[in-house]
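A.B. asks: I would like the atomic coordinates for the input below:
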Amino acid sequence: MEVTDGTYPQLEIEIRSERCNHCENSPCVRCCPTGASHYEDGGIVLVTHNDCIGCGACISSCPYDARYSHPDGYVDKCTFCMHRVKKGEQPACVAVCPTKCMYFGDLDNPNSEVSQVLKKRKHKTLIPEAGTKPHVYYLI
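C.D. replies: Numbers count the residues shown, from 1 in each chain. Next comes the predicted model:
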């Protein structure tokens with residue numbers, strides 16, 4: 001996504017990838033009638049495809065526009081590549097990022113690389129006024 005802010009000639013352009021923010025207070029989890037949207041250990045928000053009825057309530061409730069209807073009838077979203085994380089690997093987006101500007105790790109561990117980066121660098125979250133407490137941070 002590209003966001004332009006300011007007034008000519010003082011313009012700022014921000015280019016960022018957007019995905020599920022794996023919020024601590026996820027409206028998508030709260031509104032799911034079947035419990036298909038849920039928190040995994042470590043706070044990652046996932047969808048159990050077999051439990052999802054494709055109603056779209058989670059799509060409507062997500063302030064980040066991070067969910068979509070899968071052609072097979074369920075709702076899907078970024079999983080932070082849980083299949084890779086469970087094997088001790090980085091999510092694919094982090095592993096292949098050509099500029100190495102993405103970090104992933106345990107925010108509860110003050111010694112993790114991601115915690116150290118957030119201590120040292122200014123950062124922001126998207127739509128903080130939504131009250132979702134997102135766990136995706138953008139370095140500024």
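A.B. asks: Neighbours of the residue lying closest to Ile140 once chain neighbours are set aside, how many?
C.D. replies: On the basis of C-beta to C-beta, 6 or more residues apart in numbering, the spatially nearest residue to Ile140 that is not a chain neighbour turns out to be Lys122, at 4.9 Å. Heads up, the C-betas are built off the backbone N, CA and C, glycines and all. Residue neighbour count, defined by other C-beta atoms under 10 Å, stands at 8 for Lys122.
A.B. asks: mind listing what's buried in the helix or strand where Val94 lies?
C.D. replies: When elements are defined using DSSP states H and E, Val94 is found to belong to helix 92-96. Judged by neighbour count (16 or more other C-beta atoms under 10 Å), helix 92-96 contains these buried residues: Val94.
A.B. asks: From the chain's centroid, how far away is that helix?
C.D. replies: Here helix 92-96 is found 14 Å from its chain centre; the criterion is C-alpha atoms, centre = their mean, to the nearest Å.
A.B. asks: Could you report the separation of Asn109 from Gln116?
C.D. replies: Distance, Asn109 to Gln116, by C-beta to C-beta, to the nearest Å: 10 Å.
A.B. asks: which one of these two has more residues nearby?
C.D. replies: For Asn109 and Gln116, the more surrounded residue by other C-beta under 10 Å is Gln116, and the numbers stand at 14 against 11.
A.B. asks: isn't there a strand covering that one?
C.D. replies: No: checked against DSSP: H, G, I helix; E, B strand; the rest coil, Gln116 lies outside a strand; its state is helix.
A.B. asks: measure it to Thr99 for me?
C.D. replies: Note on Gln116: its distance to Thr99, by C-beta to C-beta, is 19 Å.
A.B. asks: before we move on, what about Asp108?
C.D. replies: Note on Asp108: its distance to Thr99, by C-beta to C-beta, is 27 Å.
A.B. asks: Between these two, which has more neighbouring residues?
C.D. replies: Neighbour comparison, Asp108 and Thr99: the larger count goes to Asp108, with 9 against 5 (by other C-beta under 10 Å).
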